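**Student:** Below: sequence and its predicted model.
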Amino acid sequence: MSLIATLARLQALDAGRAQPAATVLHRHLGDRPMVLIPLAAAGGGPDAPLAAMFGTDREEPRLLTIPQPLDRDARSAFLAELADALLPFLESAADDVEEVPGKEKDPETGEQRETVRELCRDAPQLIVPGPAAVRFLGMIGRATRFRRTEADPDPGPYPAPPRVPLLGRWLTHYRERAEVPGSSLLLPMTQLLSRHWATGQSALEDEHLGALLAWIDPPEGRTGAEAALHAETARDSWGLLLCPPAGPATDPGFDQRALAPAVARYDAAREVGDARAAAARAAEIAELLESRVLRPTWDAVWRGLDLLRTLPPAAHLPERWESDRWSYTAHRDRIRAGEAPQPIRDDAVGAARRLAQRERDQSRLEIQEALDDPLVMAARRLAGEALVGEVTAVEQAWTTGRAPKPRPLVTVRTSDRPHAEPGTRAYRPRPAEPDEAGNPGRDRAQKAEVVAADHAAGEYTLRLLDGMGRRRDPEPGSVPEPGEQVCFTLFELSVRQSAPLPEPEDTPWTHGGPPVPPAAAPEAVPAAPIPAAIPAPAAEPAEEATTR
Amino acid sequence: MNAAQSDRADHAGQASAASGRTALERRLAALRGDARPRGLDARALAALAANPGCHRRAVLDAAGVDKGEVAGRLGDRPAFGRSPFAISRGLAFERRVVADGGAVLVGLLARELGLPAPDDPPACPDLLAKEGPAVRTARTREVLGAAAANGPGGGGRDGGGWDGGGWTVLLHPMLRLDVAGSPAYLEPDAIILRPDGGWTVAEIKSFPILDGTADPEKVGAAVRQAAVYVLALRELPALPGGSADGADAARAVGAAADDRAMLVCPRDFGNEPTASLVETRRATAVTRRQLDRMTRIEQLLAELPEHAVLDPGAEPERLAASVDAVPAAYSPECLAACELAFHCRAETRSRGEVALLGRGVRGELGALRTVGEVLSATTGAEARTPDAVPPATRPAAGLSAADTSAAPDTSAAAGGPAAEAAALLARAARLRAEALASMPTRRATDAVPDATGPAPAPTGAPSGDLASADAAAAVRASADAPDAAPARAGSAADPVGTDADADAERSCR
Amino acid sequence: MTTGTTTPASAPSADAGAGTGTGPSADAWDPGAAAARATAAILDDVRRGPERATLVDSPPGAGKSTLVVRAARELVAAGERLMIVAQTNSQVDDLVERLAADAPDVTVGRLHSKEARPSAHVLRHGNVTASTQVAELLEHDVVLSTAAKWQWVQSAGPDGGSGGGRGGSSGGVRPWRHAIVDEAYQMRSDALLAVGRLFERALFVGDPGQLDPFTMVDNERWAGLDHDPSSSAVATLLAHHPRLRPHRLPVSWRLPASAAPLVSRAFYPEVPFRSGTGPGDRRLELSAPTGGTAYDEVVETAAASGWGLLELPAGFAVRTDPEAVRATARVVRTLLDRSAVAHSERGAAPVTADRIAVGTAHRDQAAAIRAALAELGVPTEGGAAAPDAGADADSGGPEGVPAAAPGVTVDTANRLQGREYDVTVVLHPLSGRSDATAFHLEAGRLCVLTSRHRHACVVVTRAGLPELLDAHPSAEPVRLGIPATPVPDGWEANHAVLQALAAHRVRVPG
């Protein structure tokens, strides 16, 4: 945590309410995101659902519950309903596409050739209470995407409803995408909020959605600390938390005092075969889960969205959201192409490619947030990685040689303390200029080199190295004027290209050669008799790995 | 260790109080009053690992006081507890694993070690589970010794070691370990004697091993727990009581305790047990050192007033006074590990200590310990911080902040740590204020728009896609699809960007 | 832990006693012979070993570069062409320098990127050719570059270009029969994945005790995979070659007899080594009279015993603790004022500024110390001009070869990796901290800082470190299926070092 972020927390503690940790919104928020609150059944295994509340309209949440989580049929029915409810939303943006011209390398000739690719104009967005919910959705995806259905030639002992494996693949994709720095397809509310506000409590405590909101928007007459404590501990006469955990795990106290007895009554009703009583008890369980757990969390998540929408969106959001749209489109294509589900684990090449991609996304995110948000740039300045100051002098200079190029010396006076020594590379953000066709051009960072650094006086002289046109004299406006405020970063403003990696079938000997046949594959997990879910037959992921 | 076991641990502690007492044990018993003493269960171990430097925790655990009860009396009821559903699943799983006298456990261990599974069921001696801890500890020690001396170990030697027989399983044995001078009774789930004469500690957990991986936090806790049991086995010889040859046998056992413990968990989504051998060497080394260096309880008790009482039954004021007489080292991690955390957090907050925000924050602020100090440092030093400050390492910067009220101690003298921190904070505050000035004035909570209304449309990017020099390729590529064609097409392009030395060097850190 | 994968090669019999000894003493242990035996066994494996890979664990200053040059010469002599992979440009330049100087008969190709030109230092040799195009270097006996650059070299697979790319030549290159991978423990698995196609057999050389590679992004999803791309190349190699038994170089020629036992015990408990020189063989003589300060005292202590611990009064401070910074600078200044002379097997030489290094954990600390030294009129080197990712710990080696740098080198542990000086002054990573983080506890960091010196090492810190370590939570997560490393726990290593240093403590009055 940067000292600036630390300071913000202390100021929040002092002020009794959260302080801004960002001046703009750093994640894309669509017009109609779906809020999804999954609950896990304690003691039902890692993938056991208990209930889910979801919807795109805060006034009309949909509710699904399981009266007896250990009942395989009930779980199966729940997943089927969930699939029928979520898939239409997840597939809603699949057919509204724009065409993007691009280049692709011809596998035969190796030549670049023009292509036109489809890109979905939008992508469905999921908002969940916190990271634990993201992991739980991934767990459901892991448990269901390999499930065999009635349609399967060999449906196996417990065939799943037809659309369940498809839901599993979508959930898996969204969960994996959520790991990507700066992505917005699936966003956990607690992380969204703590990215944009600094509370007067620790990062650990920020994981409690209720306490976090209490700090950001405390009720009249209460400090954030008081409101947060209330959210963490206040219980009703029944001993239930007024502000329940946002899930997926329910409060043990709730399980003990409320849920367990209700489930026992339901079981009893079924035991004596009283269908009407069972239905009534099931309804009571649903009501219990809705009123005591889901509804409070539902309202909290929507309140979080309201707060976030008060922030102006960051300049680079459209670009990063386009990456999300490409991700969504790519997954749509893989499903349409009838490809196998995502493998359980990446093979060597797949893992390396993913890591390289994520590192590029990470540096892109850091660069863009610094450019979009003065508060982020402030942290980089404090860390000595950038400087903002006033130009005190500009001295024209040129390269030697027949066709001299401009290499002006710009002296900047700043109160920042950059780790700048003679020879250090520096970069100056330059706004984009539309090209002749009027398309928004990509803007360039102007390269520079530190030639003199007087730390005591806070004076730094930099030689501009490019971005001044082809002629002997710099293009107008390409060199800052004395008196102008300028920013130079000591970190690059473009993401480095990562090196090519071999195809999986070319995996080198150092890494054990190409992925081995399924039987011996490291991922191979022999199927075990399992009450609720059928684990992955190892064949599928391994084949998936090799058919890339 | 599950709930049922910690109950057993309770009885254990109680009976121990009854048995032969040292002066220390008497003092601790007096502090505890009528309360039933608790054993050093998994939660206590977790709390120790999470905050070994906390004297308050050390004293309460040594006295075997129920910290949850104490917290309740002090009005900060902890949020700990396990769902009855989870507990029953855990119990069901453990029952399944220890079924038929440890045969399942032996089967799992044999497979992990690549040994032939025995045809005959393992020996599974009665460990007098109903008795008190002193008795149970002695019994466990006796059984261990006997098994090591003339048990399967010997048979193993005769039979060349791998005759498939000679397995012994100790279910819920009781071991004793001295923690900071006071005895702690431990109850491993199982200890297994292998035909080769080695001992393996088995820890049964109800979290799953899915696709060969498990929750690292939970595995870490299990490993630290197992490490304590391995230590206790190693300490067997040091324990009082037992005959001479018993001591020899004990020594043999200690020597034969395996560094690797067996973690037994449900596999994937089901309830089938699966096992994984986990290395406890680091954890044992760390725990050993912690136990050795842990401030002696006597010294900690000396900090307590004579009339001090830690009995949850005592009247709250007196209890609170006694508890607060022992200094705590609060950090937010305590919230997940210690029942008393809410109480210590409130105390820390009331003192305005920055420790409230976490260890990292404290580390960053150096000599400044309270919110007041920090904030006055920012303003105080700010007034004296001209633009173009010379680097704070120069006396000038030190002096500039030296005479601020911020300085909490004499080290604020020219260029002292406090002054340095103050100067840094002043700059941070100035940069932060400068950046916030650019922010739209409305507060987050003002003018919340009607949520059903459309979100503010993303404004055009004044600085375009500066960050993606490698153009559409990168944008397409960042569809996070290592398997998406564009990623490869893109990465093969652009020879300009082809030097990634810096990246490589970054990866060499 | 599968210690099997980390037990050293059985070959050199000298290994037997290697751990326990403290230099040549009663037992007739001949370091030269032990090293020679190890080297012979290694070279034999490189040429004829059953495995395609040969792995060598090398403690600090055990002659890793010498081994690399030696192996290269022998392979070339046997009519082989080979490629050499190092991790940073400075490492590559160092090797080119060594190779060009030691083997004038060998033609050396230095493949480099447009942005990172090799230093003039290495280009001055007649047998060295530099180019950004591998095609122009194919005729050379040995071609060297960074892993990052090699990744862009296109190989001519059967299909005419697996793992294509435009960095190298138009057509792809035929794989080399032999490669040498230097600093393999600092190389990431994904980098090896990208270059593995370029060679058929390889000698991997590295120091398991130094800093591990890492990534800034969440790598949880690969935890436990034997091909986790963010783990070290060696980890992947061992996982896929279970029969591979690492050799090790049993002798540190750099570390003095005073340092080897401590460093070996604290950081290499499973691959112990000894110093090549005995207790009497290295001396640090202070010719100028004492100024009677604590700084003089700690310098004298270090000169006499090889170690010095300068302890400031306990107290918490921010990273750039001005008192600790000034104290560190004062030690350096005192060292120069006392005009120390280093007596060693290489003869006697004055300990000039360029033979001294200051090591820190953070860049801002290094910057602060440089400033403090400037105030004391001491010229400094390091830090500048290394294009880096800006993160805390900062990027790999300093640019170019600072061989004849006139000033005192002041840099982070990361950049001091692989460097050697007569005397080092270390600002302890934990000094003045109220919390110990994984970063500050990392065994590799302290190992690098305390194993760069030929004569003496002075550690500067505030008091109270043992207490800090005791209060440190031991709640680190554990992942299943991660092959254990021979590297000890940082917490333990720190305790071990502090205990040893306590005997050489000099207190600065508060």
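**Tutor:** Happy to help now that I have it. Residues are numbered from 1 along each chain as shown, chains lettered A, B, ... in the order given.
**Student:** Nearest residue to A:E150 in space, please, no chain neighbours.
**Tutor:** Computed as CB to CB, 6 or more residues apart in numbering or on different chains, the closest residue to A:E150 that is not its neighbour in sequence is A:P159, at 4.7 Å. (Each C-beta comes from the backbone N, C-alpha and C, glycine too.)
**Student:** neighbours around that neighbour, how many?
**Tutor:** Neighbour count for A:P159, taken as other CB atoms under 10 Å in any protein chain shown: 17.
**Student:** how close does it sit to A:S76?
**Tutor:** Counting by CB to CB, to the nearest Å, the gap between A:P159 and A:S76 amounts to 9 Å.
**Student:** Same check on A:P131?
**Tutor:** In terms of CB to CB, A:P131 sits 27 Å off from A:S76.
**Student:** Please apply the same query to A:H230.
**Tutor:** On the measure of CB to CB, A:H230 and A:S76 end up 40 Å apart.
**Student:** Excluding sequence neighbours, find me the nearest residue to the closest residue to chain C within the stretch 401-548 of chain A.
**Tutor:** Nearest residue of the stretch 401-548 of chain A to chain C, counting by CB to the nearest CB: A:P508, 2.8 Å away. Of all residues not flanking A:P508 in the chain, C:G196 sits nearest, at 2.8 Å (CB to CB, 6+ apart).
**Student:** Ok, B:A46 next?
**Tutor:** The nearest residue in space to B:A46 (CB to CB, 6+ apart) is B:A337, at 4.9 Å.
**Student:** right, and that neighbour touches B:A42 too?
**Tutor:** No: with contact defined as CB atoms under 8 Å, B:A337 does not reach B:A42; the gap is 10.6 Å.
**Student:** For the chain, which residues score under the pLDDT cut-off?
**Tutor:** I went with chain A, as the question did not name one. Judged by pLDDT under 70, chain A has its weakly predicted residues at A:1, A:432-443, A:517-548.
**Student:** The intended chain is chain B.
**Tutor:** In chain B (pLDDT under 70), the answer is B:1-21, B:39, B:78-79, B:148-165, B:180-182, B:237-252, B:254, B:293-295, B:380-416, B:440-509.
**Student:** ok, now how distant is B:L48 from B:R282?
**Tutor:** 16 Å.
**Student:** These two: which is more packed in?
**Tutor:** Neighbour tally, B:L48 and B:R282, criterion other CB under 10 Å: the higher count belongs to B:L48, 27 against 21.
**Student:** any idea where the helices of the stretch 351-500 of chain A begin and end?
**Tutor:** Assigned by DSSP state H, counting those that start in this stretch, the helices in the stretch 351-500 of chain A fall at A:374-382.
**Student:** go on, the stretch 151-300 of chain A?
**Tutor:** Going by DSSP H, counting those that start in this stretch, the stretch 151-300 of chain A shows helices at A:164-178, A:189-196, A:209-216, A:224-233, A:252-254, A:260-271, A:275-289, A:295-308.
**Student:** list the helices and strands whichever helix or strand comes after the last one packs on?
**Tutor:** Just to be clear, that refers to helix A:295-308. Next along the chain after helix A:295-308, taking DSSP states H and E as the criterion, comes helix A:317-336. With contacts taken as 3 or more CB pairs under 8 Å, 6 or more residues apart in numbering or on different chains; DSSP states H and E, helix A:317-336 sits against strand A:112-120, helix A:164-178, helix A:348-372, helix B:471-477.
**Student:** rerun that using 10 Å as the cut-off
**Tutor:** When contacts are defined as 3 or more CB pairs under 10 Å, 6 or more residues apart in numbering or on different chains; DSSP states H and E, helix A:317-336 sits against helix A:72-90, strand A:97-105, strand A:112-120, helix A:164-178, helix A:348-372, helix B:471-477, helix B:485-491.
**Student:** A:D267 is nearest to which of the ones you listed?
**Tutor:** Proximity to A:D267 (CB to CB) singles out helix A:72-90 among these, at 11.7 Å.
**Student:** buried residues in the closest one?
**Tutor:** By neighbour count on 16 or more other CB atoms under 10 Å in any protein chain shown, the buried set for helix A:72-90 is A:A74, A:R75, A:S76, A:F78, A:L79, A:A80, A:L82, A:A83, A:A85, A:L86, A:F89, A:L90.
**Student:** how far away is the third one from chain C?
**Tutor:** A:S76 sits 28 Å away from chain C, going by CB to the nearest CB, to the nearest Å.
**Student:** Would you mind listing the residues in contact with C:D105?
**Tutor:** Contact analysis of C:D105 by CB atoms under 10 Å, 6 or more residues apart in numbering or on different chains lists C:R73, C:V76, C:A77, C:N127, C:D141.
**Student:** On the pLDDT front, check it for me.
**Tutor:** Predicted confidence (pLDDT) at C:D105: the value is 90.
**Student:** tell me the SS of it?
**Tutor:** coil (DSSP: H, G, I helix; E, B strand; the rest coil).
**Student:** List the buried residues in whatever helix or strand B:R288 lives in.
**Tutor:** Element membership for B:R288, per DSSP H and E: helix B:281-293. Residues B:R281, B:R282, B:A283, B:T284, B:A285, B:V286, B:T287, B:R288, B:R289, B:Q290, B:L291 are the ones in helix B:281-293 that count as buried (16+ other CB under 10 Å).
**Student:** could I get the residues you listed as a markdown table with distance to chain A?
**Tutor:** Output for the buried residues of helix B:281-293, formatted as a markdown table (distance: CB to the nearest CB, whole Å):
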| residue | distance to chain A |
| --- | --- |
| B:R281 | 25 |
| B:R282 | 25 |
| B:A283 | 23 |
| B:T284 | 28 |
| B:A285 | 28 |
| B:V286 | 22 |
| B:T287 | 24 |
| B:R288 | 29 |
| B:R289 | 26 |
| B:Q290 | 23 |
| B:L291 | 27 |
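**Student:** Let me know the closest of those to C:R333.
**Tutor:** Nearest to C:R333 among these, with distances taken as CB to CB, is B:R289, at 37.3 Å.
**Student:** you'd agree that closest one is up against B:A227?
**Tutor:** No: B:R289 is beyond contact range of B:A227, at 11.6 Å (criterion: CB atoms under 10 Å).
**Student:** got any residues that touch both of those two?
**Tutor:** Common contacts of B:R289 and B:A227 (CB under 10 Å, 6+ apart): C:S474.
**Student:** Leaving out sequence neighbours, find the closest residue to A:Y174.
**Tutor:** Ranked by CB to CB, 6+ apart and with sequence neighbours excluded, the top spatial neighbour of A:Y174 is A:L186, at 4.3 Å.
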